[in-house]
Structure formats: structure tokens, C-alpha cells
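# next one to model:
(chains A and B)
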Amino acid sequence: MKRVPETESYAREAVRWGLGLLGDAVGRRRPVVWCNVALPSEFVYGLGAIPVMPEMAAGFAAAWRGSPELIVRAEGQGFPADLCSFHRCALGLALEGWLPRPDAVVATSLFCDGARKFLHHASRLMGAPYFLIDVPYEQSAHAARTVAARLQEVARELEGTGRGFDSRHLPLALESSNRARRHYLEVMRIRRHRPAPWRGSEALSYASVFFMAFGSPGGVRVYRTLARSLAARVRSGRPAVPRERWRLLWLHFRPFYPGQLLPWLEVEQGAVIAAEDMSYLWWDELDPDRPWESLARKMTSHFMWGPVERRVEVMLRLARDYAVDGIVHYSHWGCRQSCGAVSVLRQASARAGIPFLNLDGDCIDPRNGREEQARTRLEAFLESIAERREVLAAGSGD
Amino acid sequence: MHELPPAVYYTCSYVPPEVIWAAGCRPVRLLPSAPAPGECDAFLPRDFCPYVRAAFWDLHRRAPPAAAVVLPTCCDPMRRLADVLRQHSPHVPCFLLDLPRTRGKREEEYLAGRLEEILAALRALPGAVPPEGGLAEASRLFAEVRHLLHRVARTASAPAVHRLIRQVHAADPRQAVASLLARETTASGPTADARPRVLVVTSHPVDPGVLEVIEQAGARVVAEDSCLGDRLLTIPPGGSTPRELAAAYLGRPPCPRMELPEERLAYLEDVARARGAQGIIFLALKYCDNLGYDFPWVRERSALPVLFLESDYGISASGQLLTRVQAFVETLPLPAGPPGPGPE
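From the prediction side, this is the model:
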């Protein structure tokens, strides 16, 4: 029997987890909660339910080239074309009825207006009750207490719906999350290796696992296997790309539809995405004995909420830890919260002496992807990094 | 020479000017006269709220600089405006007012705490001299301004009321009260008018020229649901404490940024019915997500025909606006009687 290459085992675990989750949701073996990516999945698993994140489903729709039609469907219902395409596509999915029907919709004000707004519409379309976890903008003990109280309140209301929600699953969900977290931190540590053992474009394709798997046993398996796979690559000298010339930090998500931009960037140009801010694990270990407070701290401590200085700090830390040569911000169409910060991110990068490039594009709608323009700009960016490296080398007498 | 109190600018009708006044400063609603130029692209993206871009450019270039600005966390662009100002215009002290997205006792308590923080911070500004009477007197003054504006709104045209609101928001509230009292107001209701009546729904401080173009196209604007329109006039009197003020502001008819679509739709239906509106002109500011998500609710729930118009900040493309409104107005029936005074 042919031996399955170890490096594919994490992919197998991810598929097993994802399809298992989908099967449970479609088969209604557990209550289904639609939520945005910023809601801790541990909260949903902790209620004995299954998280379905329509924003992530939009990514899958884009990967299978189905997003344009879904976006047009949403626009036909009056949703303007300048709204985020993740959300327009997600609304299209809801209008078509292609996602497992929710028993409840739980939104949080993290990280953007569009997420809670589209979920409110989705709740109406699906006939499911809507709950909002409004997160204060400050990072304080008071904010954490406010959110903890609200989480508990929403949990009680969900349990009161009679649809099978049960918060007695919480301690187990948090323990699972912590185990997955330890493996994920190992993944993050291994990824610092030069040359990089994992392409960032692939890491970003695992965004749905990152946002939806913590709190489930499947999440533990995926990250345990991933850590082992990457460690094996490092031991056996199998880098992510044949010849790593540059290391980049990628900010925000990637185009999820099929295209040549990222393979060209990472494989042909050797500019591997060594790290991404969207895959950065920011939270402390959760306390199963204090679940509400723990989950509240996970939410209020997110670096994409509050003053942009938090995001700058993470950006610079990642740039240093992963020894990047440049930073690329992918300005996804309709994403005000991220794109509005670009001038600040750029300035901070400049002060740190790290070249910065802002690329306009669209993660979900290939009609708005501007791939050729992005390639041209990346080419110029890589040339400028190369020149900078030569100047620095000449200056240091190398 | 009598020194004017420091001018503190604010960008949203959820920021209580009462607090700014009570701190001993002069509240000024930031209403840039023009959209931001292309140079602003270096600071904020082009596909971004045009009002926020204009506000940034105004504050960044204003000379002398504003004593301070109070920005609410009302939307993603406004939160980023605070960040960008802090980084690129550090000479403009910026205070952030965190606004809840729903309402209730907990939200009132939270907002009250934030208002107390803003009050304390503004009191510390150079030149700020808190007036006698504190917040109670400030609440009384601004409540009177709104009451008088509401009275004027019963008989004057929407563009005229809008211009008046803009003037009043740059003035000392005591002077605003005096000038409003001096205006002639009739005791009778609005006059009969053969033009079809429309309710204008939007989010930002719309340019009064836009309302004039709509009326030029043959409609009568009987109500304006905007940041500087009727929604502003419906704020109940604020009381003497931050908690009472928070309750008043959260208790007003919600704007699109709140997560209260049922209450918002009920309010719009009430206004439309009370004013005898026969159509709705939905003026969608480009790149405004909160308003963009408002439109499908309004379109679905309204019994009235709705015209969707995309707009920029200011009054660009007025010819196109005129043509589209004219076509819409021609589909509306003529009014049967005079419009009502509107909800209290």
C-alpha cells in the first residue's frame, strides 16, 4: 500500500474536520449558528453548536468560481456594489439557501460594520433570531466584564430557545482550544525557519480552519498534524518554495478565486509569504473555569479592534520575528477598516526601515481582482527590495 | 479682549454638543465646504467615505488648528479617521467617543461613562472655562435650540431649515436661541402645496444645495432623515447628568449605524405618514456601509415608491440628480391636502 506523504496529512485532517462539520450542520445533528469570523468559535462549540461563517463560505464560493453570480444575486436585492464582496457573496449564499440553515445568528461588532449588518439581513432571510455582541472599543477590564456579561446573556437566551443549545460544553471547548493553541504556537514558531517551510498563500487558504476550528477536537488534530508536517519539512530540508529569495509579510486576506498571482509571487519570484497578520494568534490561554471572562478577553484583546497602533505593533513584531524583506497590504474592495489604516501602516513600516506596498484588489470577486496590475506593482516592489538589499550590503562593506 | 472659548469640532449627531459646551468649549459641527482633493489619497483611500475624507482634509489643513475634535466610533471610516489624525495631524487633539450600537440600561451606563471622560478631557483644554450651570444648563440651552428649530421646521421648507440648522450649529447656543426667537413663526400648519411630497433619507450632512435641486425637480421635501435633519431635532431634552444625556441620545430615532432596523423603519414610516410623504428619495453616500445596508430594509418595508440615488459629499453631478428626481417625481401622485406637522 502506498504510503501517504506526511506533508499532506494536515490537509487530510482539515478536510475531515471541515466535511464533518458540514455534515453535522446539514444533518442537523447539532444546532447551527451563523456568525462572523470575529466571534470566538469556542463560544459556539461551547453551546454544543456548530459555527457556520458565511464570510468563509464566500471564500469557498470564490475558489470554485461561483462568487460573481452570488454577488449579482445580492446586488439584485438592493445591496450596493461598493459593499465588501465577502458580505455581498455571503448574502448571495443566504438568498440562494445554499448554507445549512441557522438556528441562530450571532454577530459581534468586531472588526467591521459590514459583518454585523449583513448578518442582521441574513437572520431576517433565514427566519432565525439575531444576537449582537457589541464590543467596547477600549481594551480594559471594564470592557472585558461588559462583553463577558453579554456573552453569558446571549448564551442563556440561546439555551432558552429550545433548539438544543447547552453551555455545559464550554469547559471542554476551551480545553480543546487550548490544546489546539499550543500546537498552533508551535506552527508559528516553526514558520520562522529560513527558508520558510509553508507558503503564506496556503496558510491563508486555511483561514476558515483558523477562525472556525478552535474549540473542536478537529482543530486539535489539524494543528497537531500541521506542526508535525512542518517540522518534518524543516528536518528534511524541504522548503515551501524551490528558491527563497525574499520573505514577505502579508496583511489582510488573499484573493480566494483561482489565479496566478500568488504562485507567480511565491514560486516563480521566490518571494515567499513568511507570515500573515490574519493568521496571527493573539490571545492568551483560555481558562475553562472562567469561560465567559476568557472569551471576553479574547475578543477585547484583538489587535484589529481599537486604535490602529495595536495592529501596527503586531505588524512590526511579525516583520521582525519572521525576518521579512517587505510588507504587502492587500486592500480588499469594500474593507474600510483595513484599507483606512494603510497610510498609518505605511508610515510605521517606513520608520522601521521596511519596504511597504499597498495592492488594490478583491478577495472574492475576480472581476475586480486587477491581477495584472498587481503583478506589475509587485515586480517593481521586488526590484526595489533587491536594490535596497544591494545598497545595504554595499554600505556594510559586504 | 474677550477670548472665545476653544472651538471643539465634532462629526456626528450622536456627539452631544451639550458636553462640549458644559466643558467650557465652543461646539462646532464639522461641515467641510468641499470634498477632499486628490492629495488626500496619501492619507485615506479614494474608495472611502467622502465625508470622512473631507473632514480629515479640513482638520489637517485648518489654520489655526482646531482646539480639539470629538469623533464617535460610529463607523469604520470614522474610527480610521481618528487613527489617521493621530498619526498625521498630531497637532489636533482627538477624543474618541465610543458609542453603543443598541440601547438599554447597560448601554446608557456605558455611554454616560464615556461622556464623563470626554467632559473631563475637554475641561483640561487651554482656555476652557466651564460656564455656570454646568451640564444641566447646557442641556436646557440645546434642548431649547432644537425645540425652536422644530417649530420653524413646521412651516419653512426643508432646504431653508437645513441651512438654518447649519448656521445654528456654528453659533453660541444662547445666540442661536435669540435669533430663532426673533424669527417670525406662524401658529398655523404648513401651507398647501401642489408638489408631490418626498422624504429624503440619508446618513451624512447632506449639502443643502442637493435638497434645493430636489425641490427644483418638482418635489417638496417634507422631511429629511439625516445627520443634520429631522433626526437631530428629535433628540429629547437631556437632563442634568451624563446618564440622563446618554439616555436621551440613545433614545432618539436611530440612525443607520445603530443595530435597530425595526425601530428605524417604524420611525421612517411614522414620519412619512405624518408628513404625507408620497415617495422616498434614498440618497446613498458612496462607500457608506451603514447606509448601504439600510437601503434593502427601506425598499422592502416601505409602501411608498423609493428612488435610490448615489451621491458624493457636496453637490456634484447636480444635472444628473435633477433629471433622475424629475423622472421619479412624475411617477408620484399629487398630494390631497397639506402635509402634517410631523411627529413630536
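
# do a quick rundown of the strands in the stretch 201-350 of chain A.
Under the criterion DSSP state E, counting those that start in this stretch, strands of the stretch 201-350 of chain A are mapped to A:246-251, A:271-276, A:326-332.

# deepest-packed of those strands, please.
For the strands of the stretch 201-350 of chain A, the largest average neighbour count (mean count of other Cβ atoms under 10 Å in any protein chain shown) is found in strand A:271-276, namely a mean of 28. Any C-beta I mention is one placed from the backbone N, CA and C, and that applies to glycine too.

# in its sheet, what does that strand sit against?
Paired strands of strand A:271-276, with direction, are strand A:246-251 (parallel) (DSSP bridges).

# quick one: the partner strand to strand A:326-332, angle?
Relative orientation of strand A:246-251 and strand A:326-332, computed by axes from the mean of the first three to the mean of the last three Cα atoms, to 10 degrees: 40 degrees.

# pull the CA atoms of strand A:246-251 into CSV?
Listed next in CSV are the C-alpha coordinates belonging to strand A:246-251 (Å, rounded to 0.1, in the frame of the first residue of the first chain):
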residue,chain,number,x,y,z
TRP,A,246,12.6,37.2,-0.4
ARG,A,247,10.4,36.9,2.7
LEU,A,248,7.2,38.9,2.9
LEU,A,249,4.6,39.8,5.5
TRP,A,250,1.1,39.8,4.0
LEU,A,251,-1.6,42.0,5.6
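
# for it, what is the average pLDDT?
Taken as a whole, strand A:246-251 has an average pLDDT of 98.

# swap in stretch A:263-276?
97.

# over to stretch A:109-121?
Rounded mean pLDDT across stretch A:109-121 is 96.

# next: stretch B:171-182.
Mean pLDDT, computed over stretch B:171-182, is 87.

# and what of stretch A:9-19?
On average, stretch A:9-19 scores 94.

# list the buried ones in it?
Within stretch A:9-19, the residues that qualify as buried by neighbour count (16 or more other Cβ atoms under 10 Å in any protein chain shown) are A:S9, A:Y10, A:A11, A:E13, A:A14, A:W17, A:G18.

# and A:V344, how far from chain B?
5 Å (Cβ to the nearest Cβ, to the nearest Å).

# does that residue touch B:L81 like I think?
No: counting by Cβ atoms under 8 Å, B:L81 is not a contact partner of A:V344; they are 11.3 Å apart.

# any stretches of the chain with poor pLDDT?
Using chain A. A:1-7, A:397-398 (pLDDT under 70).

# that's the wrong chain, I meant chain B
B:1-2, B:184-192, B:316-317, B:337-344.

# contact partners for B:A128?
B:P5, B:P6, B:A23, B:G24, B:C25, B:L122 (Cβ atoms under 8 Å, 6 or more residues apart in numbering or on different chains).

# that should have said B:R273, apologies.
Listed by Cβ under 8 Å, 6+ apart, B:R273 has no contact partners.

# look up phi and psi at the closest residue to B:V70 other than its chain neighbours.
Nearest residue to B:V70 in three dimensions, chain neighbours excluded: B:Y10, at 4.5 Å (Cβ to Cβ, 6 or more residues apart in numbering or on different chains). Note on B:Y10: its backbone torsions stand at phi -150, psi 160 [degrees, to the nearest 10].

# what is the neighbour count of B:Y10?
The number of residues packed near B:Y10 is 24, by other Cβ atoms under 10 Å in any protein chain shown.

# ok, it to chain A distance?
To chain A, B:Y10 is 17 Å away according to Cβ to the nearest Cβ.

# quick one: residues contacting the closest residue to chain A within chain B.
Residue nearest to chain A within chain B: B:R80 (3.0 Å; Cβ to the nearest Cβ). B:R80 makes contact with A:V308, A:R336, A:Q337, A:G340, A:A341, B:L44, B:V52, according to Cβ under 8 Å, 6+ apart.

# ok, A:F86 - contacts?
If you count contacts by Cβ under 8 Å, 6+ apart, then A:F86 has A:E55, A:A58, A:G59, A:G114, A:H332, A:G334, A:C363, A:I364 around it.

# so the first one makes contact with A:L91?
No: counting by Cβ under 8 Å, no contact exists between A:E55 and A:L91, whose distance comes to 10.7 Å.

# and A:R243, what is it in contact with?
A:G270.

# look up how far A:A94 lies from it.
Separation of A:R243 from A:A94 (Cβ to Cβ, to the nearest Å) stands at 44 Å.

# now A:R181
A:R181 is 31 Å from A:A94, by Cβ to Cβ.

# of the two, which one has the most company?
Using other Cβ under 10 Å, the more surrounded residue of A:R181 and A:A94 is A:A94, with 27 against 20.

# hang on, that one packs against A:A122?
Yes: counting by Cβ under 8 Å, A:A94 touches A:A122, with 4.6 Å between them.

# common neighbours of these two, please.
A:P54.

# and the stretch 251-398 of chain A, which residues reach chain B?
Taking Cβ under 8 Å from any Cβ of the partner chain as the contact definition, the stretch 251-398 of chain A meets chain B at A:307-309, A:331, A:333-334, A:336-337, A:339-344, A:347.

# pick out the most distant pair among those residues.
Across those, the longest distance by Cβ to Cβ is 25.5 Å; it joins A:E309 and A:W333.

# spell out for me which residue occupies the centre of the chain.
Picked chain A for this. A:A207 (4.0 Å; Cα atoms, centre = their mean).

# not quite, I wanted chain B
Nearest to the geometric centre of chain B sits B:C227, at 2.1 Å (Cα atoms, centre = their mean).

# mind telling me what element that residue is part of?
B:C227 belongs to no helix or strand when assigned by DSSP states H and E.
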